[in-house]
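**Q** got a predicted structure here, sequence first:
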Amino acid sequence: MSKIIYTHTDEAPLLATYSFLPIIEAYAGKAGVEFETRDISLAGRILAQFPERLTEDQRVGDALTELGELANDPSANIIKLPNISASIPQLKAAIAELQAKGYDVPNLPEAPETDEERDIAARYDKVKGSAVNPVLRQGNSDRRAPGAVKAYAKAHPHRMGDWSADSKTRVATMGKGDFFSNEKSWVAPAADTLRIELVDASGNVTVLKDSLPVLEGEVIDGTFMSAKALDAFLAEQVAAAKADGVLFSAHLKATMMKVSDPIIFGHVVRAFFADVFAAYGDDLAAAGLSANDGLGAIYAGLDQLANGAEIRAAFDKALAEGPAVAMVNSDKGITNLHVPSDVIIDASMPAMIRGGGKMWNAEGKEQDTLAVIPDSSYARVYDAAVEDCKANGKLDPATMGTVPNVGLMAQKAEEYGSHDKTFEIPVDGTVRIVTSGGETVIEHAVEAGDIWRACQTKDAPIRDWVKLAVTRARLSNTPAVFWLDENRAHDANLIAKVNAYLPEHDTEGLDIRILAPAEATRLSFERIRQGLDTISVTGNVLRDYNTDLFPILEVGTSAKMLSIVPLMAGGGLFETGAGGSAPKHVQQLVEENYLRWDSLGEFFALAASFEHLAQTTGNTKAQTLATTLDKATATFLEQDRSPGRKLGTIDNRGSHFYLGLYWAQELAASDDAELAAAFAPLAEKLAANEQKIVDELIAVQGRPADIDGYYRSDAAKTAAVMRPSATLNEAIDQF
């Protein structure tokens with residue numbers, strides 16, 4: 001029996017799994033393909049850290065560690081759905097929900113003092129932020145819009161907001177005193193174990209990280225963001241937004257960059273409410289209310305303060321008198337400053353660009369925006385995109401080209417692997433990276449409050465990344481551009497490696513270039529406006545940013561991308577798209593029993609997974625599943641069976657029914673006689689009962705749905721909610 005691992009994750013993707021997985025299991029079983037699930041949800045990851053505190057029935061296995069080991073096995077075939085990259089507020093909320101359900105998990109220590117608290121904090125460090133992706137991504141990323149999706153977008157172009165040349169929207173970034181300008185980079189000449197230490201003004205040494213193993217040829221970077229420079233920059237931008245009459249909006253990645261960006265977010269909140277923190281900062285700190293957690297967490301905790309109402313009034317006054325703030329949810333008064341995990345740059349910036357450079361204000365109207373992106377490492381990409389749209393107007397999805405991505409991410413490459421090497425500096429001094437022989441290879445003079453980080457990128461993933469880029473350029477006959485800036489220390493070392501490894505491959509006749517990210521953005525926009533395609537070959541963070549930016553502009557969403565990770569050990573990891581909109585979908589399901597989540601990404605990943613299985617195991621029936629699923633998905637798109645936008649139309653569950661119907665029909669007509677015979681009766685039954693099934697799926701809409709939990713819903717209740725058609729259930733379960 002061939003085996004595929006299907007991940008059990010969070011929010012809307014998890015809800016969709018309860019509806020879609022029974023169909024997958026039934027169909028695949030006829031081809032000798034077995035599915036197993038692994039729970040890598042936030043709640044599951046928390047529970048896995050504290051088995052000794054749980055009853056036998058409550059304990060769960062450490063699925064993430066297990067999958068990390070499997071990713072290094074040539075037989076690996078993993079379908080990975082979006083999961084929560086937990087911010088501190090999300091982590092606290094999940095802990096509280098689990099505790100309310102009777103799980104004896106400890107609270108998150110705010111400032112660990114005892115050995116027990118430090119142990120608990122260390123366990124939670126393994127859970128928060130981007131804990132999943134660095135473990136599973138033991139290969140580089142090959143991500144692109146499938147042909148069927150691109151064709152649909154051209155035939156049915158999504159709405160694009162109008163840009164005007166006199167738009168006041170702009171991007172503001174530091175350019176000095178930030179991570180980009182302070183970066184230093186070093187290539188390890190041999191395997192070693194480094195340490196990171198802080199030397200204060202008196203010569204006292206504090207070891208920040210005592211063991212940092214590196215391999216020969218590994219690129220090691222160190223940099224810092226000056227707190228003083230950051231605060232001065234933010235104060236200028238708050239004043240500028242007020243003077244220009246535009247929305248103030250901050251754009252960070254507080255979920256993935258789980259140490260640095262929440263701190264930067266806290267600086268943004270304090271800068272916007274400078275007078276409030278000057279007057280009441282000590283009161284808030286004494287109550288454990290941190291700007292790093294956002295305005296929403298502060299508001300929620302003000303009731304415990306004797307002068308809480310007075311402080312709330314001060315915040316409200318600052319909001320009323322300061323610049324208008326971009327809103328995450330105008331109807332509920334949730335601002336861009338409320339929740340750090342709501343500020344996701346790779347989702348928010350493309351949406352703003354697609355919307356004509358506008359975001360929503362407190363009145364629920366669109367308004368020009370000052371997009372504040374403190375670190376200039378990648379801000380110039382968005383700046384170039386904004387300036388292009390000002391000069392040339394909105395893009396046309398009906399004619400534009402595409403920008404697929406080959407991304408360097410294997411083995412925790414680059415910034416997204418920096419969490420355990422990022423520190424808020426407690427005292428003035430010098431941070432240095434030191435070899436086992438005592439040689440200082442990188443050092444920075446820092447001040448208290450600065451944010452210092454190191455990151456590492458192994459040589460083998462870089463070599464594999466170059467190979468993958470050449471392979472994709474050759475297969476698609478498309479120009480490929482490495483987005484690397486010779487003026488950035490890290491990129492300069494990568495450029496040297498790219499130039500060394502490109503000659504290992506046949507590049508004859510290929511157009512392969514190296515351009516700084518801003519220049520690469522301008523070239524890519526110029527080409528997509530001409531209907532031409534350009535592969536972006538990027539590092540880890542730009543991989544994340546570009547695979548939202550261009551798909552959102554091209555096809556309206558990044559959830560419809562084909563995302564393949566050829567694992568370096570020979571297996572395959574197949575990702576199903578982005579989950580940034582997942583929280584809103586869960587809220588709507590609970591309130592109205594309607595799930596707008598689009599599972600198209602799951603369909604594409606599943607087909608690629610079947611194809612990989614066929615190639616690696618020789619299971620020809622798995623290839624038939626892949627081929628017929630691709631055909632069914634094309635019909636699905638042509639017939640516009642994605643979830644509708646309002647009650648009374650099919651939602652996620654209805655889209656699964658139609659995919660199942662079209663897939664069964666394709667299998668019944670396939671060249672595999674055994675599968676054709678097996679699926680013909682099912683195809684006939686589903687077609688004959690189409691209206692009845694749709695009516696049953698729609699009938700439940702408009703009333704609250706009980707799934708008993710957000711982070712760990714009740715499995716039986718969730719299954720009942722997500723499978724409301726008795727007719728469809730009978731057909732699938734009997735099959």
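**A** Perfect, I can see it now. Numbering: from 1, shown residues only.
**Q** CA atoms for contacts and neighbours, from now on please.
**A** Fine.
**Q** doesn't Y594 make contact with Q588?
**A** Yes. With contact defined as C-alpha atoms under 8 Å, Q588 counts as touching Y594 (6.1 Å).
**Q** between those two, which is the more surrounded one?
**A** Remark: of Q588 and Y594, Y594 carries more neighbours, 33 against 16, as counted by other C-alpha atoms under 10 Å.
**Q** pretty sure the more buried one is touching D651, no?
**A** Yes. At 6.2 Å, Y594 counts as touching D651 under the criterion of C-alpha under 8 Å.
**Q** who touches L234 in this structure?
**A** 267-268, 271-272, 374 (C-alpha atoms under 8 Å, 6 or more residues apart in numbering).
**Q** quick one: which of these is most hemmed in?
**A** Ranking these using other C-alpha under 10 Å puts P374 first, with 30 neighbours.
**Q** and the pLDDT for that one?
**A** pLDDT, P374: 97.
**Q** can you map out the helices along the stretch 51-200 of the chain?
**A** Assigned by DSSP state H, counting those that start in this stretch, the stretch 51-200 of the chain shows helices spanning 63-70, 88-100, 115-125, 133-136, 147-155, 179-182.
**Q** now the last one: mean pLDDT?
**A** Read it as helix 179-182. Helix 179-182 comes out at a mean pLDDT of 98.
**Q** one step back: among the contacts of L234, which lie within strands?
**A** Residues of the contacts of L234 located in strands (DSSP state E): none.
**Q** can you report phi and psi for the nearest residue to G356 once chain neighbours are set aside?
**A** Excluding the flanking residues, the one nearest G356 by C-alpha to C-alpha, 6 or more residues apart in numbering is G161, at 4.1 Å. Torsion angles at G161 (phi, psi; degrees, to the nearest 10) stand at phi -70, psi 150.
**Q** I'd assumed R354 was in contact with G161.
**A** Yes. Using C-alpha under 8 Å, G161 is in contact with R354, at 6.0 Å.
**Q** compare these two and say which one has the larger neighbour count.
**A** Higher neighbour count among G161 and R354: R354, with 26 against 17, using other C-alpha under 10 Å.
**Q** and that one, how far is that from N329?
**A** Using C-alpha to C-alpha, to the nearest Å, R354 is found at 18 Å from N329.
**Q** could you do A351 as well?
**A** Distance from A351 to N329, by C-alpha to C-alpha: 14 Å.
**Q** also A313?
**A** Taking C-alpha to C-alpha, one finds A313 at 21 Å from N329.
**Q** more neighbours, the two?
**A** N329 (15 against 12).
**Q** report the contact partners of the nearest residue to the more buried one once chain neighbours are set aside.
**A** Once flanking residues are discounted, N329 sits nearest to T335: 6.9 Å by C-alpha to C-alpha, 6+ apart. Shown in contact with T335 (C-alpha under 8 Å, 6+ apart): 325-329.
**Q** and what of V434?
**A** V434 touches 194-197, 440-442, counting by C-alpha under 8 Å, 6+ apart.
**Q** and the residue nearest to it when sequence neighbours are not counted, how many neighbours?
**A** Take V434 and drop its neighbours on the chain: the residue closest to it by C-alpha to C-alpha, 6+ apart is T440, 4.4 Å away. Around T440 there are 15 other residues, counting by other C-alpha under 10 Å.
**Q** is it possible to export the contacts of T335 to a markdown table including distance to V565?
**A** Listed next are the contacts of T335 as a markdown table, based on distance: C-alpha to C-alpha, whole Å:
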| residue | distance to V565 |
| --- | --- |
| V325 | 38 |
| A326 | 35 |
| M327 | 35 |
| V328 | 32 |
| N329 | 34 |
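**Q** tell me the one of the residues you listed nearest T169?
**A** Closest approach to T169 among those (C-alpha to C-alpha): A326, at 12.2 Å.
**Q** could you measure from the closest one over to G357?
**A** For A326 relative to G357 (C-alpha to C-alpha), the value is 12 Å.
**Q** shared neighbours of these two, anything?
**A** Common neighbours of A326 and G357 (C-alpha under 8 Å, 6+ apart) are T369.
**Q** other SSEs contacting the lowest-mean-pLDDT helix or strand in the chain?
**A** Every helix and strand in the chain was compared by mean pLDDT, DSSP states H and E; the lowest is helix 133-136, with a mean of 83. Other helices and strands packing on helix 133-136, by 3 or more C-alpha pairs under 8 Å, 6 or more residues apart in numbering; DSSP states H and E, are helix 63-70.
**Q** quick check: mean pLDDT of the helix it packs on?
**A** Average pLDDT, helix 63-70: 93.
**Q** same check on stretch 84-92?
**A** Averaging pLDDT along stretch 84-92 yields 87.
**Q** starting at the chain centroid, how far to that stretch?
**A** 13 Å (C-alpha atoms, centre = their mean, to the nearest Å).
**Q** CA atoms only for it - export them in CSV, please.
**A** Extracted in CSV, the C-alpha atoms of stretch 84-92 (Å, rounded to 0.1, in the frame of the first residue of the first chain):
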residue,chain,number,x,y,z
ILE,A,84,-0.9,28.9,12.6
SER,A,85,2.6,30.5,13.0
ALA,A,86,1.7,31.6,16.5
SER,A,87,2.3,35.1,17.8
ILE,A,88,2.4,35.5,21.6
PRO,A,89,-1.3,36.5,21.8
GLN,A,90,-2.3,33.5,19.8
LEU,A,91,-0.2,31.2,21.9
LYS,A,92,-1.7,32.6,25.1
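**Q** quick one: contacts of that stretch?
**A** By C-alpha under 8 Å, 6+ apart, stretch 84-92 touches 9-11, 41-42, 107-108, 127-132, 254-256, 258, 262, 293, 297, 339-341.
**Q** how close does the residue with the largest distance to the centre of the chain sit to G570?
**A** Relative to the mean C-alpha coordinate of the chain, counting by C-alpha atoms, centre = their mean, the farthest residue is S202 (42.5 Å). Distance, S202 to G570, by C-alpha to C-alpha: 52 Å.
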